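# Predicted model and sequence below, questions to follow.
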Amino acid sequence: MAGETILVIDDSTATLDFAVDYMLKPNGFVPVVARDGADGLRKILQSPPDLIILDLEMPRMNGAEVMRAMKEHGLNIPVILSTAHGSEEVAVEMFRMGARDYVSKPYEVTDMLAAIERALAELRLKRERDDLLSRLVQTNRSLEARLRELDTLYGIGKSVTALLDHEGLLRRIIEAAQFVTGAQVCQLLLRDASAAPLHCAATIGTPRIAHRPDIDAVARQVAETGRSIMSTATVAVPLQVGSKLIGVLNIYNDATARHFAAHDMHLLQALADYAAIAIENSRLFRELEESKEREKQTIRNLFERYVAPSVVDQLLSSPRMAVLGGARQPITTLFADMRGFTTLAEQIQPEVLVQTLNHHLALGAQAVLKYEGTLDKFMGDAIMAFFNAPLLQPDYPLRAVKAAVEMQQSLASKITTMPLRLRLSFGIGITTGEAVVGNIGAAQLMNFTAVGHCVNFAKRLQELANGGQILIDHATYQAVASQAQIKPLGKVEIKGFRTPVQVYEVVGLR
């Protein structure tokens, strides 16, 4: 997909020309350029683009000032930072302000295009979702209009058309036909397709005359001509929706009963009109229900690979509770890695290694799902999970800590029957903070995952943890301190952090 408007804000004419002529235009994007931050902000406010490629160091207004101004105006436009190597620390700060990606200058076209595709993924998913929602709303409005039309029908027609239960509706139609005409036999014959033969969908009346050949012959004639037929003993009228004949409503009296008159045919024709609408509505209703079931199945197929069945059920019953499409939100991230696995892999057969790996990972996954966490992925001998997405959970840090404790305790109790050298343990890292959560990847392959500083931080803590150890950050500590037994470990040097970070160890639950 292309055609999105991309604003490039850079004080370098060469960079602007390169971006427009060699990257944006050839790939179908609509380029807009600004030569400094102030000009860029003016164009953003005047006509917000779909994406911004932003330089950091510029005259009049630098990149950070542009992003602050956008935040003040409530603008949430994806931003890709494009700046010289060595500005990574500033870029980190910009990420905290909402930037989506970072590409160092000078950049390759392929690298920037990849960043653009990642940044636009959320926008495209939102547009697709809005389009689907619009179509669903339109379908619902169409159905509501039909139901309102049915409410205006009078008498028996109203009682007939109010029914959406298909079998009950067919029975009500022939009961109504018998009531308004006093016929001994009433038959409703339907066809499943435009050229399909009629079949008897419902019958009421005297059994001995319900299946006479002459009655069937009259019904076939009405189906062929689309016109009503009346005699003193028989009235048969077509059921039509527009120009499509969907069936025949047929009544019959034998010689012992009264003869039918013109008013009987008029009543039956009116009822047939209501019945045809009601049957069509019933069909549409069934199709809508089937569509909803397919939609539910799609949601189930998407999420049941990541979260507990109870979470999937909540999503299906309350879809608005889900936070999808790359939204920023607070989460607690958990990384668990099997200690000693690499060494073990060099000592045993691959089949035994895989069996051992699956056994340990299954215990870890069960602990995450027990507390309704989302299983992000298995990474070799490690597990990544997070809490508070897709459903919001008021106690998500505690859920993560309980899952980690459960993981360690379950592992300790259930591997006692395994050979000693196959008994591995988890080193676990847990952090709490904001991340971008949603379907991330390419159109051909997407993954529901979380991206952000707190995710990287959790991975670093996991790398520090010994087997059987659970390490947490200060934010998680503050959230669970009253409900867990925690030992401060002091400030620790962590790769990628400029200053030492306070780390805690969870030793149990209160």
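Nice, thanks for sending it over.
# CA only for contacts and neighbour counts going forward, please
OK.
# For the stretch 301-450 of the chain, which segments count as strands?
327-339, 374-379, 382-387, 425-441, 446-451 (DSSP state E, counting those that start in this stretch).
# Which of the ones you listed has the lowest mean pLDDT?
Lowest mean pLDDT of the strands of the stretch 301-450 of the chain: strand 446-451, a mean of 80.
# residues of the helix or strand just after that one that come out buried?
The helix or strand immediately downstream of strand 446-451 is helix 453-464, counting by DSSP states H and E. Going by neighbour count (16 or more other CA atoms under 10 Å), the buried part of helix 453-464 is 453, 454, 455, 457, 458, 459, 460, 461, 462, 463, 464.
# Ok, stretch 71-82 next?
Buried residues in stretch 71-82, counting neighbours by 16+ other CA under 10 Å, are found at 77, 78, 79, 80, 81, 82.
# before we move on, what about stretch 106-122?
In stretch 106-122, residues buried by neighbour count (16+ other CA under 10 Å) are 112, 115, 116, 117, 118, 119, 120, 121, 122.
# so where's the stretch 201-350 of the chain shaky on pLDDT?
206-215, 298-325 (pLDDT under 70).
# same question but for the stretch 401-510 of the chain, I mixed them up
Using pLDDT under 70, the stretch 401-510 of the chain drops low at 442-446.
# If we use 90, what do you get?
Residue ranges of the stretch 401-510 of the chain with pLDDT under 90: 411-425, 437-449, 495-498, 510.
# how close does residue 37 get to residue 60?
6 Å (CA to CA, to the nearest Å).
# between these two, which one's more packed in?
It is residue 37, of residue 37 and residue 60, that has more neighbours when counted by other CA atoms under 10 Å, with 26 against 10.
# Please list all residues in contact with the nearest residue in space to the more buried one that is not next to it in sequence.
Computed as CA to CA, 6 or more residues apart in numbering, the closest residue to residue 37 that is not its neighbour in sequence is residue 61, at 4.4 Å. Contacts here follow CA atoms under 8 Å, 6 or more residues apart in numbering; on that basis residue 61 touches 36, 37, 38.
# nearest residue to residue 105 other than its sequence neighbours?
residue 84 (4.7 Å).
# coming back round to it: as a markdown table, the buried residues of stretch 71-82 with distance to residue 328, secondary structure and pLDDT would be great.
Output for these, formatted as a markdown table (distance: CA to CA, whole Å; DSSP: H, G, I helix; E, B strand; the rest coil; pLDDT from 0 to 100):
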| residue | distance to residue 328 | secondary structure | pLDDT |
| --- | --- | --- | --- |
| 77 | 13 | coil | 88 |
| 78 | 12 | coil | 89 |
| 79 | 14 | strand | 90 |
| 80 | 16 | strand | 88 |
| 81 | 18 | strand | 85 |
| 82 | 22 | strand | 84 |
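# and these, which two are the farthest apart?
The largest separation in the buried residues of stretch 71-82, counting by CA to CA, is between 77 and 82 at 15.6 Å.
# Tally up the residues packed near residue 141, please.
When neighbours are counted by other CA under 10 Å, residue 141 comes out with 12.
# Could you double-check that residue 273 sits in contact with residue 239?
Yes - the pair residue 273 / residue 239 is scored as a contact, 6.4 Å apart, by CA atoms under 8 Å.
# Angles on the backbone of residue 416, please.
Backbone torsions of residue 416, given as degrees, to the nearest 10, read phi -70, psi -20.
# gap between the nearest residue to it once chain neighbours are set aside and residue 365?
Of all residues not flanking residue 416 in the chain, residue 423 sits nearest, at 7.6 Å (CA to CA, 6+ apart). Relative to residue 365, residue 423 is positioned 17 Å away (CA to CA).
# which one of these two has more residues nearby?
Counted by other CA under 10 Å, residue 423 and residue 365 do not tie: residue 365 has more neighbours, with 23 against 19.
# report the angle between the axes of the strand or helix carrying residue 290 and strand 446-451?
Following DSSP H and E, the helix or strand that holds residue 290 is helix 262-303. Helix 262-303 runs at 50 degrees relative to strand 446-451, counting by axes from the mean of the first three to the mean of the last three CA atoms, to 10 degrees.
# Residue 486 versus the closest residue to residue 376 other than its chain neighbours, what's the distance?
Distance criterion CA to CA, 6+ apart; nearest residue to residue 376, sequence neighbours excluded, is residue 385 at 5.0 Å. When distance is defined by CA to CA, residue 385 is 21 Å away from residue 486.
# Ok, residue 199 next?
Look at residue 199 and residue 486: by CA to CA, they are 74 Å apart.
# the more surrounded of those two?
residue 486 (20 against 14).
# Would you check how far apart residue 219 and residue 229 are?
Residue 219 is 9 Å from residue 229, by CA to CA.
# Between the two, which contacts overlap?
Counting by CA under 8 Å, 6+ apart, the residues touching both residue 219 and residue 229 are residue 236.
# Between the two, which is the more surrounded one?
residue 219 (26 against 17).
# What's the first helix or strand after the strand or helix carrying that one?
Secondary structure assigned from DSSP H and E places residue 219 in helix 213-225. Next along the chain after helix 213-225, taking DSSP H and E as the criterion, comes strand 229-230.
# Contacts for that following strand next, please.
So strand 229-230 is in contact with 218, 222, 235, 236, 237, 260, 265, going by CA under 8 Å, 6+ apart.
# who touches residue 407 in this structure?
So residue 407 contacts 363, 364, 367, 368 (CA under 8 Å, 6+ apart).
# Serialize those to a markdown table and add fields for distance to residue 418, neighbour count and pLDDT.
Formatted as a markdown table, the contacts of residue 407 follow (distance: CA to CA, whole Å; neighbours: other CA atoms under 10 Å; pLDDT from 0 to 100):
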| residue | distance to residue 418 | neighbour count | pLDDT |
| --- | --- | --- | --- |
| 363 | 14 | 18 | 92 |
| 364 | 17 | 25 | 93 |
| 367 | 20 | 23 | 95 |
| 368 | 23 | 29 | 94 |
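# Could you dump these into CSV and include distance to residue 251?
Formatted as CSV, those follow (distance: CA to CA, whole Å):
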residue, distance to residue 251
363, 68
364, 68
367, 66
368, 65
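# Residue 170: which of the residues you listed is nearest?
Using CA to CA, residue 368 is the member of the contacts of residue 407 that lies nearest residue 170, at 50.2 Å.
# on that earlier part again, what about the buried residues of stretch 106-122, which are in helices?
Cross-referencing the buried residues of stretch 106-122 against helices under DSSP state H gives 112, 115, 116, 117, 118, 119, 120, 121, 122.
# For residue 344, state which of those is nearest.
The closest of those to residue 344 turns out to be residue 118 (CA to CA; 37.8 Å).
# any idea how far that closest one lies from residue 384?
For residue 118 relative to residue 384 (CA to CA), the value is 21 Å.
# repeat for residue 92
Distance from residue 92 to residue 384, by CA to CA: 23 Å.
# same question, residue 171
For residue 171 relative to residue 384 (CA to CA), the value is 56 Å.
# Between those two, tell me which one has more neighbours.
residue 384 (24 against 17).
# thought that one was touching residue 365?
No - judged on CA under 8 Å, residue 384 makes no contact with residue 365 at a distance of 9.5 Å.
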